[in-house]
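*Asks:* have a look at this fold, sequence not included:
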DNA sequence: GACGGGCATCCCGATCAATGAGACGGATGC
DNA sequence: GCATCCGTCTCATTGATCGGGATGCCCGTC
């Protein structure tokens, strides 16, 4: 309703500029930003200059542009992401200390799973998830949990849309996904073997806030053939600890 | 040179809106934002609406405004803050596991110490530092390290400016501060007893990148009378680990 | 049940600052 | 030497931004 057909607005431009920065491309020239954001050279240059003056962007030693610490500060210090992270950190550390594999916290954001935190296991492989990274809802254990406990609206939207296949084991069929979601709700957790990379299995549980709403998914990434029973115990222990920190009384 | 006297620009307004959000005030109405940012009601409302459309801000269930996950994501995923944090996390966890007190990572940002990460100790007190929070350079061990290894320009600016006193032990005298900075450079670390709160002592060491520049300060917060020798050993071990992760070859 | 305060929302004409094409100089590289 | 690409600056035009004001809603208070 509010997005114009041309999509032109000050903030739209801003977002387009910010979106040109990716984990693999953290610094770039003003001209590159212009090209990637579809803005004319001189406009891009001017906008970038304003953002640098405001401290939201920074120039490095070569006068190239990168995200500014100030933007990170403003976006982080009062964000929901930080609040959830703070509540979850001790529990995640405890889980990670025992499981010794990647331990992650994800939330639902614009029909995808957004990862707020990740503690890495000893194996340096499996770098598919990053902090502030995303994964499709149907193709990760965290996503399946967030979807299974999401609104009916969200579920129908995902079931009707495309389900891109990341590996041969990714759920790419609506009927299968629907069954899987019911299973997740029955069991209270999601196990997703090989859905992202064939060598690993994700296990996730829902985390609720004081109103009972599922606000996040706590998950671990195990080697493909690892037993999930012990991991599930740990996850539920971590879940309870996080929920306590969020003010849920058991 | 580029900041106008009136300070009016699209991005300035944006920053002013974002600045109305603080750790203690994470949600607010559009009218509150307008009041705090000095913008007229209707203007604030329009700007907030645009930012919500762009996903940078969100409305909660009561239609009040908060920082959006999308802004956090954009600001975090390709930021220097995340890169440093990633490099430092394993080392910080190791330090924290042994010292069992608050372990922190701070960088220099606009003449203040900005805390990128903090692992909490068992004592739940000492909440003066937060993630994405700030402290003055002269009044914390992290700040003293960042200042001592900062540019001559920065040092002169701080020595010439006001040195607000947080406790009776805060260094508030330029001559004393100058001596302290020389001491920090000689010793290679900073000890700041009671500079923030009387019951605790901060100990910090500099962290360098591959070019030899000091890019961060690693610190712990100890009870006032704790011995700092053991902590220093741990900090230097952590420092070396972080520097290795940053690509410094020893 | 009337009243008042605070908020969200919408409207609209004047204004003014953002826009983007283009030119120039310098650095780099083939 | 030529070709590119980048940063920087200028400038006339225009279209978006601005903010006062009106309206309606919700919610306490008297």
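*Replies:* Nice, thanks for sending it over. All values derive from a computational prediction rather than experimental measurement. Residues are numbered from 1 along each chain as shown, chains lettered A, B, ... in the order given.
*Asks:* residue A:63 and chain B, how far apart?
*Replies:* Separation of residue A:63 from chain B (Cβ to the nearest Cβ, to the nearest Å) stands at 14 Å. To be clear about C-beta, it is placed using only N, CA and C from the backbone, and glycine gets the same treatment.
*Asks:* if you could redo that for residue A:32, that was the one I meant.
*Replies:* Applying Cβ to the nearest Cβ to residue A:32 and chain B gives a distance of 13 Å.
*Asks:* what of residue A:222?
*Replies:* Separation of residue A:222 from chain B (Cβ to the nearest Cβ): 20 Å.
*Asks:* partner residues bridging that residue?
*Replies:* Using DSSP bridges, the bridge partners assigned to residue A:222 are residue A:201.
*Asks:* how many neighbours does it have?
*Replies:* Counted with other Cβ atoms under 10 Å in any protein chain shown, the neighbours of residue A:222 add up to 23.
*Asks:* pLDDT score for it?
*Replies:* For residue A:222, the model assigns a pLDDT of 93.
*Asks:* next: the one 4 residues further on.
*Replies:* For residue A:226, the model assigns a pLDDT of 83.
*Asks:* now do the same for it: helix, strand or coil?
*Replies:* For residue A:226, the assignment made with DSSP: H, G, I helix; E, B strand; the rest coil gives coil.
*Asks:* gap between it and residue A:120?
*Replies:* Using Cβ to Cβ, to the nearest Å, residue A:226 is found at 16 Å from residue A:120.
*Asks:* contact partners for the nearest residue to residue A:25 once chain neighbours are set aside?
*Replies:* Nearest non-adjacent residue to residue A:25, counting by Cβ to Cβ, 6 or more residues apart in numbering or on different chains: residue B:78, 7.1 Å away. Residue B:78 is in contact with A:21-23, A:25-26, A:66-67, counting by Cβ atoms under 8 Å, 6 or more residues apart in numbering or on different chains.
*Asks:* please, which helix or strand holds the residue in chain A sticking out farthest from the centre?
*Replies:* Distance from the centre of chain A peaks at residue A:42, with 34.2 Å (Cα atoms, centre = their mean). Element membership for residue A:42 (DSSP states H and E) is helix A:41-54.
*Asks:* report the buried residues of the longest helix seen in chain A.
*Replies:* Looking across chain A with DSSP state H, the single longest helix is helix A:80-99. Neighbour counts over helix A:80-99 (16 or more other Cβ atoms under 10 Å in any protein chain shown) mark A:80-89, A:91-93, A:95-96, A:98-99 as buried.
*Asks:* next: stretch A:29-46.
*Replies:* For stretch A:29-46, by 16+ other Cβ under 10 Å, it's A:30, A:33-34, A:36-37, A:39, A:44-45.
*Asks:* try stretch A:11-28
*Replies:* A:11-18, A:20-21, A:26-28.
*Asks:* of the residues you listed, which fall within the contact range of DNA strand C?
*Replies:* Of the residues in these, proximity to DNA strand C by Cβ under 7 Å from any atom of the strand holds for residue A:13.
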